[in-house]
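*Asks:* with the input below, show me the fold.
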Amino acid sequence: MDALQRIKQKVDENPILIFMKGSPDFPQCGFSARASQALNACGVPYAYVNIYEDEEIYRSLPKFANWPTFPQLYVKGELIGGCDITLDLYQTGELQRMLKEAAGVEA
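*Replies:* A predicted model of the protein is given here:
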């Protein structure tokens, strides 16, 4: 399976997924740290992929959704965006609503 197929499989299998540098417990860039903090604050379980652990995913992910930067947040198979969009959605309360709906949790 090539990298784009593996990315699609991960996006399809996880209702909430962030591709990030590092992990939520040990982010390896400020943008990934802030985005994962916003996700953690929503209190909904989510999956992550450390792009540093798979060179092919790291190189192919920008092509997958035509988004050049990291992190990348996907909810129900759709690219939501990177750090700035994630933080904006969190501040308006929209991120919490989206994630709870995606996870099947009562709002």
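
*Asks:* can you give me the helices for the protein?
*Replies:* Shown for the chain, the helices assigned by DSSP state H span residues 3-13, 30-42, 55-64, 83-92, 94-103.

*Asks:* check contacts around F31.
*Replies:* The neighbourhood of F31, defined by C-beta atoms under 8 Å, 6 or more residues apart in numbering, consists of 21, 69-71, 82-83. For the C-beta atoms, the positions are set from N, CA and C on the backbone; glycine is no exception.

*Asks:* how about the CA coordinates for stretch 16-27, as CSV?
*Replies:* Taking Å, rounded to 0.1, in the frame of the first residue of the first chain, the C-alpha atoms of stretch 16-27 are listed here in CSV:
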residue,chain,number,x,y,z
ILE,A,16,-11.0,12.6,14.6
LEU,A,17,-7.4,12.4,13.4
ILE,A,18,-4.5,14.9,13.6
PHE,A,19,-1.3,14.4,11.6
MET,A,20,1.3,16.2,13.7
LYS,A,21,4.9,16.6,14.4
GLY,A,22,5.4,14.5,17.5
SER,A,23,2.6,13.2,19.7
PRO,A,24,0.1,15.0,22.0
ASP,A,25,2.2,14.1,25.0
PHE,A,26,5.4,15.2,23.3
PRO,A,27,4.7,17.6,20.4
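
*Asks:* contacts made by that stretch with the rest, please.
*Replies:* With contact meaning C-beta under 8 Å, 6+ apart, stretch 16-27 is reached by 7, 10-11, 28-29, 31-33, 35-36, 39-40, 44-52, 57, 61, 70-75, 99, 102-103.

*Asks:* with that, I have no additional questions.
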